[in-house]
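Colleague: here is a sequence with its predicted model. Questions after.
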Amino acid sequence: QVELVESGGGLVQAGGSLRLSCAASGSIFSINAMGWYRQAPGKQRELVAAITSGGSTNYAASVKGRFTISRDNAKNTVYLQMNSLKPEDTAVYYCNTEHQYESGTLVVWGQGTLVTVSS
């Protein structure tokens, strides 16, 4: 089994910054993509940013230029640096990782961390 532990959420004023972390532990062989999703009240969960094992990144248009995703493969950890935060960034942020095994792939979700941006 694999467990994801997220940290770094909280309350911040508009224009501020936060850094989210997500550490994977357990039976880890190889991690393919790692990513962050978010879900605002009354809205569907959406992709915020993702990063492949090779370091290629993908961002939602709404966060491009403000958020940066990175990963530390030695620590099985993915980060999301969020700058110039806006009230519309308020949501529960979920970490997502895809694990590769000989028997197939396993997708794991974190428990979520709340980010609140005040105006």
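Modeller: Received, thanks.
Colleague: contacting residues for the spatially closest residue to residue 59 that is not a sequence neighbour?
Modeller: Leaving out its chain neighbours, the residue that sits closest to residue 59 by C-beta to C-beta, 6 or more residues apart in numbering is residue 49, at 4.9 Å. Every C-beta, even on glycine, is put in place using the N, C-alpha and C of the backbone. Residue 49 makes contacts with 35-36, 57-60, 63, 67-69, 80, as judged by C-beta atoms under 8 Å, 6 or more residues apart in numbering.
Colleague: any chance of the residues you listed in JSON lines, with neighbour count too?
Modeller: Output for those, formatted as JSON lines (neighbours: other C-beta atoms under 10 Å):
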{"residue": "35", "neighbour count": "22"}
{"residue": "36", "neighbour count": "27"}
{"residue": "57", "neighbour count": "15"}
{"residue": "58", "neighbour count": "14"}
{"residue": "59", "neighbour count": "18"}
{"residue": "60", "neighbour count": "15"}
{"residue": "63", "neighbour count": "22"}
{"residue": "67", "neighbour count": "23"}
{"residue": "68", "neighbour count": "16"}
{"residue": "69", "neighbour count": "21"}
{"residue": "80", "neighbour count": "27"}
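Colleague: among those residues, which are in helices?
Modeller: Counted as lying in helices by DSSP state H, out of those, is not a single one.
Colleague: and for residue 101, the neighbour number?
Modeller: 11 (other C-beta atoms under 10 Å).
Colleague: which residues does it form beta bridges with?
Modeller: residue 104 (DSSP bridges).
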